[in-house]
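Q: The following comprises the amino acid sequence and a computationally predicted model.
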Amino acid sequence: MTRALTFRRLFAGLGTLSLRPFDLTEDVTTLHGWVTQPYARYWGLLDASVADVHAEYLRIERSAHHRAFLGEHDGRPAFLMERYEPTYDAIGEVYDVAPGDIGMHVLVGPPVAPITGFTGAVFETIMDSLFSDPLVDRVVVEPDVRNTKIHALNERMGFRKHSVVQLPDKQAWLSFCTRDQYADAHRMNEAG
């Protein structure tokens with residue numbers, strides 16, 4: 001079955017990374033295998049059953065303000081991206097949402113074999129896809145304060161920490177990245 005891709009980017013020496021809508025029927029087992037791994041503890045689904053993951057992504061599928069996308073590396077499932085409107089999320093209750101804000105979550109699947117620079121390429125693909133929407137001016141993230149790996153990656157991609165906020169399920173670093181901040185970070189990353 002051919003699935004409609006929503007975004008694709010080729011990385012020299014790494015291959016093609018692409019995004020497509022999450023398919024609840026086909027992708028839930030793969031996602032369950034990822035979210036129940038110890039490294040995915042901040043996703044909050046370590047003890048979830050396949051039915052639990054299905055229920056969560058059915059809720060997202062039915063939402064008018066939240067969408068899930070499966071990321072593929074050369075056609076194989078490799079990461080998940082969620083895009084959401086902060087106004088309709090708990091994060092929208094702890095800061096003043098601006099027009100053009102879009103929320104994002106990312107989870108990289110466990111590697112078949114480690115590839116240097118892969119996570120950075122995944123993040124660039126996601127940011128490029130979000131900013132390809134002319135209505136998006138700023139990306140909003142709210143990772144758990146304990147998730148130091150994602151904080152470092154966010155900073156490398158241009159995010160600036162705003163404040164620590166209390167959400168229903170975690171204490172989080174509210175962080176923002178504008179188009180210009182991402183473009184500046186991207187230039188810096190390419191320069192080495």
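A: Nice, thanks for sending it over.

Q: where does this protein have low pLDDT?
A: Scanning the chain for pLDDT under 70 picks out the ranges 1-4, 192.

Q: any chance you could map the strands in it?
A: Counting by DSSP state E, the chain has strands at residues 7-11, 15-21, 66-73, 76-84, 101-108, 138-141, 160-167, 170-178.

Q: the inter-axis angle of the first one versus strand 66-73?
A: This means strand 7-11. Between strand 7-11 and strand 66-73, the angle comes out at 30 degrees (axes from the mean of the first three to the mean of the last three CA atoms, to 10 degrees).

Q: now do the second one
A: Angle between the axes of strand 15-21 and strand 66-73 is 160 degrees (criterion: the same axes, to 10 degrees).

Q: just checking, what packs against strand 15-21?
A: Using 3 or more CB pairs under 8 Å, 6 or more residues apart in numbering; DSSP states H and E as the contact definition, the elements that strand 15-21 packs against are strand 7-11, strand 66-73, helix 118-131. All C-beta atoms are positioned from the backbone trio N, CA, C, and that covers glycine.

Q: circling back: of all the strands of the chain, which one is nearest L153?
A: strand 101-108 (8.8 Å; CB to CB).

Q: Show residues contacting that closest one.
A: Here strand 101-108 makes contact (CB atoms under 8 Å, 6 or more residues apart in numbering) with 34-35, 40, 43, 78-87, 89, 91, 118-119, 122-123, 126, 130, 133, 136-142, 150.

Q: gap between stretch 37-48 and the chain center?
A: Relative to the chain's own centre, stretch 37-48 is displaced by 15 Å; criterion: CA atoms, centre = their mean, to the nearest Å.

Q: middle-most residue in the protein, spatially?
A: Compute the mean C-alpha point of the chain, and by CA atoms, centre = their mean the closest residue is V106, 2.3 Å away.

Q: Quickly list what F69 is bridged to.
A: Applying DSSP bridges to F69 gives these bridge partners: P21, M81.

Q: one step back: can you say which of the contacts of strand 101-108 are buried?
A: Using 16 or more other CB atoms under 10 Å as the burial test, the contacts of strand 101-108 include 34-35, 40, 43, 78-86, 89, 91, 118-119, 122-123, 126, 130, 136, 138-142, 150 as buried.

Q: before we move on, back to that, tell me the most buried of the strands of the chain?
A: For these, the largest average neighbour count (mean count of other CB atoms under 10 Å) is found in strand 138-141, namely a mean of 22.

Q: Can I get that strand in CSV? Just the C-alpha atoms.
A: Extracted in CSV, the C-alpha atoms of strand 138-141 (Å, rounded to 0.1, in the frame of the first residue of the first chain):
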residue,chain,number,x,y,z
ARG,A,138,7.1,29.6,16.2
VAL,A,139,7.4,26.0,17.5
VAL,A,140,6.6,25.3,21.1
VAL,A,141,7.9,22.4,23.1
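
Q: Give the pairing partners of that strand; include direction for each.
A: Sheet pairing here is set by DSSP bridges, and for strand 138-141 it gives strand 101-108 (parallel), strand 170-178 (antiparallel).

Q: E72: which of these is closest?
A: Of all those, it is strand 101-108 that lies closest to E72, at 12.1 Å by CB to CB.
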